[in-house]
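K.L.:
Please work out how this folds:
(2 chains)
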Amino acid sequence: MTGRLALAAAVTAAAAVPLLGRDYYATLMLPFFGYSIALLGLNLLFGTTGLLSFGHALFLAVGGYTAAYLGSTLGVRSLEAMLAVALVVAAVIAVPVGWLCVRYVKIYFGMLTLAFGMLFYSFLYKFYALTGGDEGMPVARPSLLGQGFGELDKTAYLIGPYYYYSLALCLVAAVVMWRIVRSPLGLSLRAIRENADKAEYVGVRVRRYRFYAFVIAAVFGAAGGVLLVVPTGLAAPTLAYWTHSGNLVFMLLLGGFGHFFGPVVGAFVFIFLQDQVMSVTQYWRFVFGAVLAAVVIFLPHGLMGLLARRADA
Amino acid sequence: MTPLLEARDVVKRYGDVQALSGVTMALRGGEFVSIIGPNGAGKTTLVNVLTGLLRPTSGRVVFKGRDVAGVGPVRLAALGMARSFQLVNVFPALTVAETLAVPALARLGRGGRPFASLARDVEVADGVAEVAELFGLAEKLPRLARTLPQGDKKLLDVASAFALRPEVILMDEPTSGVSTRDKTAIMETLVQAARRIGVKGIIQVEHDMDIVFAYSDRIVALHQGRVLADATPDAIRADDEVVATVLGRPR
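P.N.:
Predicted coordinates for the structure are as follows:
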């Protein structure tokens, strides 16, 4: 019950942010929505299935570049079309990549995903004609549900219709993931995480279900990637760079991968903390390294773990 | 009558070590067979070969008329064979109900459905309830497996194999690590459950000779990777060579 109230309060607060008149904070919420969707997917792979990917940024980049390519090169305006195509492209790429990666577990899985992420980064960086190389690709302002909102300036568009569109998409993604985690597949994945050998003996098709989790995570990653590039107006190769994958893992640890909303909390705290620390010191990476170390040592279950413990006490 | 499960001249070599040197044995419908033998006789290797975990170096494993050597546990589970383990083998952070739901879903071919509601699957819930009842775990359905006492973990491990509703079940020391007093109770539970669920044949590896002689229709005695004897409990008792090498003391 407390959980539902907290959730309702959080959604209401998120919906109220653009009304507060602090546009800057509303624009900070935009990457939060994108990262939340991507991390809900990544956590199906890590928190639920027990596979830690160090290359998940690949799929955010797939989403971002698909949106950019459709908009800049093919003249597509509809964000729904961009999302739909991005999800399909991500699934198509995730099939061979996932098929290879899920044959391995633990560090080998992590390293292989890292390798594929870097491969994709190199592709984006070097195939100038297709991807714009190091300059990336511009992302034109997309229409939302057929509405162009041409009368709004960029900020008004972003913290107005685009903000609520992103919030709604984030809620839809959360509902879909909530169902997946509570589905038969979700239970099979948790059994795999807990004891893969035993799972095989009770009939669980371990490799196949790990593969499903990988593809679902990829699709969520691409949806998040599409949302990320619209506010910045640019799809750049750094989207796929390994430090970006590292940030995703950081957010998971920060929020707590053992809890459904841990990734969302992690994305929120990461983005606002980064904003605050960057405004204070140029050595923000140093501060973040210390925060990550502290989280791993003192909060192994992340911030949600801390909250859950408080709620139980 | 054709056997349910059969090993024909199975050899398993690990490098220079020959764990099994031509083992032939069979399990027929309605039988309870125990595999006995001193440590290193090849008992666990034989179970691993029979359950498709290990591919034999040579020889065949035939289950219900099919060669299943090395096909892997998932295929075997689908064909109707399950196993439990010597060491307690559970899903620590799953509840008892969830642990039993995993094989129930696998049996129904629903384990990979991403959008179905697990909570509303009546067939799975019934399967879980029935197996939990048989194993005396009905009161403990919401408990996490890791919080159960050792004896219950052992029961849960076996119960999850039964939840597949297999035709054949292989149990690697189902009563190891359990006090002598509880052993008979566990065996009674297993035999009852097997009857209720319709298990057609059981193979167990067991060290406790009281259990072996009380429950087996047939005993296969292994020694140094070979079948030393394959006979009824009475015949095994009368076999001086088996008594000397396997039982280690006159009975």
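K.L.:
Can you give the contact residues for stretch B:133-147?
P.N.:
Applying C-beta atoms under 8 Å, 6 or more residues apart in numbering or on different chains, the contact partners of stretch B:133-147 are B:90-97, B:99-100, B:128-129, B:131-132, B:148, B:152-153, B:155-156, B:158-159, B:162, B:189, B:192-193, B:196-197. Heads up, the C-betas are built off the backbone N, CA and C, glycines and all.
K.L.:
right, and B:Phe116 touches A:Leu187 too?
P.N.:
That one is not Phe; residue B:116 is Ala. No. B:Ala116 is beyond contact range of A:Leu187, at 10.7 Å (criterion: C-beta atoms under 8 Å).
K.L.:
Looking at these two, which one has more neighbours?
P.N.:
Neighbour count, other C-beta atoms under 10 Å in any protein chain shown: between B:Ala116 and A:Leu187, A:Leu187 has more, with 23 against 17.
K.L.:
right, and the secondary structure at that one would be what?
P.N.:
Put simply, A:Leu187 is helix when judged by DSSP: H, G, I helix; E, B strand; the rest coil.
K.L.:
List the contacts of whichever residue of the stretch 51-200 of chain B sits closest to chain A.
P.N.:
Nearest residue of the stretch 51-200 of chain B to chain A: B:Ala106, at 2.9 Å (C-beta to the nearest C-beta). Neighbouring residues of B:Ala106 by C-beta under 8 Å, 6+ apart: A:Ser188, A:Val202, A:Gly203, A:Val204, A:Arg205, B:Ala77, B:Ala78, B:Leu164.
K.L.:
From those residues, list just the buried residues.
P.N.:
A:Ser188, A:Val202, A:Gly203, A:Val204, A:Arg205, B:Ala77, B:Leu164 (16 or more other C-beta atoms under 10 Å in any protein chain shown).
K.L.:
Put together CSV for the residues you listed, with secondary structure, pLDDT and distance to B:Pro56 on each row.
P.N.:
Formatted as CSV, the buried ones among the contacts of B:Ala106 follow (DSSP: H, G, I helix; E, B strand; the rest coil; pLDDT from 0 to 100; distance: C-beta to C-beta, whole Å):
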residue, secondary structure, pLDDT, distance to B:Pro56
A:Ser188, helix, 97, 30
A:Val202, coil, 94, 24
A:Gly203, coil, 94, 23
A:Val204, coil, 96, 25
A:Arg205, coil, 96, 24
B:Ala77, helix, 92, 19
B:Leu164, coil, 94, 24
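K.L.:
Please identify which of these is nearest to B:Phe32.
P.N.:
Set against B:Phe32, the nearest of those by C-beta to C-beta is B:Leu164 (18.4 Å).
K.L.:
re earlier: any of the contacts of stretch B:133-147 buried? List them.
P.N.:
Using 16+ other C-beta under 10 Å as the threshold, B:90-91, B:94-97, B:99-100, B:128, B:131-132, B:148, B:152-153, B:155-156, B:158-159, B:162, B:189, B:193, B:197 are the buried ones among those.
K.L.:
where are the low-confidence patches of the stretch 201-313 of chain A?
P.N.:
A:311-313 (pLDDT under 70).
K.L.:
Around chain B, which positions in it sit nearby?
P.N.:
Counting by C-beta under 8 Å from any C-beta of the partner chain, the stretch 201-313 of chain A comes close to chain B at A:Tyr201, A:Val202, A:Gly203, A:Val204, A:Arg205, A:Val206, A:Arg208, A:Tyr209, A:Tyr212, A:Ile216.
K.L.:
Please enumerate the strands of the stretch 151-251 of chain B.
P.N.:
B:168-172, B:201-205, B:218-223, B:226-231 (DSSP state E, counting those that start in this stretch).
K.L.:
which parts of the last one are buried?
P.N.:
With burial defined by 16+ other C-beta under 10 Å, the residues of strand B:226-231 counted as buried are B:Arg226, B:Val227, B:Leu228, B:Ala229, B:Asp230.
K.L.:
Closest to B:Val33 out of those residues?
P.N.:
Distances from B:Val33 to these, taken by C-beta to C-beta, are shortest for B:Asp230, at 8.8 Å.
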